[in-house]
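**Q** next come a sequence and a model predicted from it.
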Amino acid sequence: MTYHVATFYRFTSLPDVDTLVKNLKMRCTEHRIKGTILLAEEGLNATIAGERGDVEQILAFLADDERFDNMEVKWSEYERRPFQRMKVRRKKEIVTIGRTDVDPTTTVGEYVKPADWNTLLDDPAVTVIDTRNSFEVEMGTFDSAINPNTSSFREFTTFVETELSPDENPNVALFCTGGIRCEKATSYMLNQGFKNVYHLEGGILKYLTSVDEPDSRWNGECFVFDERVTVVHGAKPGTLQSCQKCSQPLQPEDSKIRDFEAGLCCDNCLAD
């Protein structure tokens, strides 16, 4: 069986978030959907999987609410179930930056379509920043992109405050996995006085399915938050696996260490 994976988000006011949590739990159970849906008063962030028709039923239910109309959905496929559970949870933020003054519904950077992204990568006047965490960057990124060396998205603001300035970096281009982190990151940077702030529309996932492979400037694999661990060009499953104990992604050579035990421990576990 082929499982269809849908990734989507929307920043919008949700004062009825508790009702939405209840209704989505019920409908996901009804349609045998697995995955994660996070809801907060600021919006929705989700990756779900199941048979195509069942996933489309969830999307249709959301689309009946004008707040979720015309959401961009990034699709991919997997031959095994990428999630084992369905989690629908209320959170304080759907992607945590820890700043109450950041609101993507009022201020956000300029979207750059995947077809135009390579032009920014080649522009020496543009500072390209990978907004993801260090372990994600290590698996793959774009040439010339800056690694903020963060362990959580909360640390991104500190990176901006200590390493960048509106005067020295007037043109910045940000990217992340599916686009959601860049919504808040670009909003924050505009509030800090950065003049020209761009972000990759749809994130790496859309780039990998929109840009022809010979033209792709992506190097490596892209971490995803499910049992595929990573995807490559065309959003096809990558080669990496993760430790079932600590959930850290593993490089192929990690399975060769003396104390490695599949599913039980890895080099990261042993170092703790």
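**A** Arrived safely. Numbers count the residues shown, from 1 in each chain.

**Q** for the protein, what's the longest helix?
**A** Counting residues, the longest helix found in the chain (DSSP state H) is helix 17-30.

**Q** where are the low-confidence patches of the stretch 151-272 of the chain?
**A** Residue ranges of the stretch 151-272 of the chain with pLDDT under 70: 242-272.

**Q** helices of that one, start to end?
**A** Along the stretch 151-272 of the chain, the segments classed as helices by DSSP state H, counting those that start in this stretch run 156-163, 180-191, 203-210, 267-271.

**Q** tell me the contacts of Tyr78?
**A** 2-3, 5, 49, 228, 237 (C-beta atoms under 8 Å, 6 or more residues apart in numbering). Yep, even glycine has a C-beta here, placed from its N, CA and C like the rest.

**Q** just so I know, which of the helices of the stretch 151-272 of the chain lies nearest Arg10?
**A** Closest of the helices of the stretch 151-272 of the chain to Arg10 is helix 180-191, at 9.4 Å (criterion: C-beta to C-beta).

**Q** now what about that closest one, what contacts it?
**A** 9, 11, 45, 94-95, 97, 99, 101-104, 106-109, 131-132, 153, 156-157, 160, 172, 174-176, 197-200, 203.

**Q** can you rerun that using 6 Å?
**A** Contact with helix 180-191 is made by 9, 45, 95, 97, 102, 104, 107-109, 131, 153, 156, 174, 176, 197, 199, as judged by C-beta atoms under 6 Å, 6 or more residues apart in numbering.

**Q** quick one: buried ones out of those?
**A** 9, 45, 95, 97, 102, 104, 108-109, 131, 153, 156, 174, 176, 197, 199 (16 or more other C-beta atoms under 10 Å).

**Q** farthest-separated two in those residues?
**A** For the buried ones among the contacts of helix 180-191, and using C-beta to C-beta, no pair is farther apart than Asn45 and Val197, which are 21.1 Å apart.

**Q** distance of Ile97 from Tyr188?
**A** Using C-beta to C-beta, to the nearest Å, Ile97 is found at 7 Å from Tyr188.

**Q** the helices of the stretch 151-272 of the chain: which one's closest to Pro15?
**A** helix 180-191 (20.0 Å).

**Q** domain parsing of this protein, as residue ranges.
**A** Per automatic domain parsing, the domain ranges recorded for the chain read 3-90, 110-208, 218-271.

**Q** for Val112, which residues are in contact?
**A** Taking C-beta under 6 Å, 6+ apart, we find Val112 in contact with 198, 200.

**Q** helices or strands up against the longest helix of the chain?
**A** If contacts are counted by 3 or more C-beta pairs under 6 Å, 6 or more residues apart in numbering; DSSP states H and E, helix 17-30 sits against strand 34-40, strand 86-90.

**Q** could I get the average pLDDT for the next helix or strand after the shortest one?
**A** Just to be clear, that refers to strand 86-90. Sequence order places strand 110-112 as the next helix or strand after strand 86-90, per DSSP states H and E. Strand 110-112 shows a mean pLDDT of 98.

**Q** now strand 110-112, how far from the centre of its chain.
**A** 16 Å (C-alpha atoms, centre = their mean, to the nearest Å).

**Q** and it, which strands flank it?
**A** Next to strand 110-112 in the sheet, as set by DSSP bridges, lie strand 196-200 (parallel).
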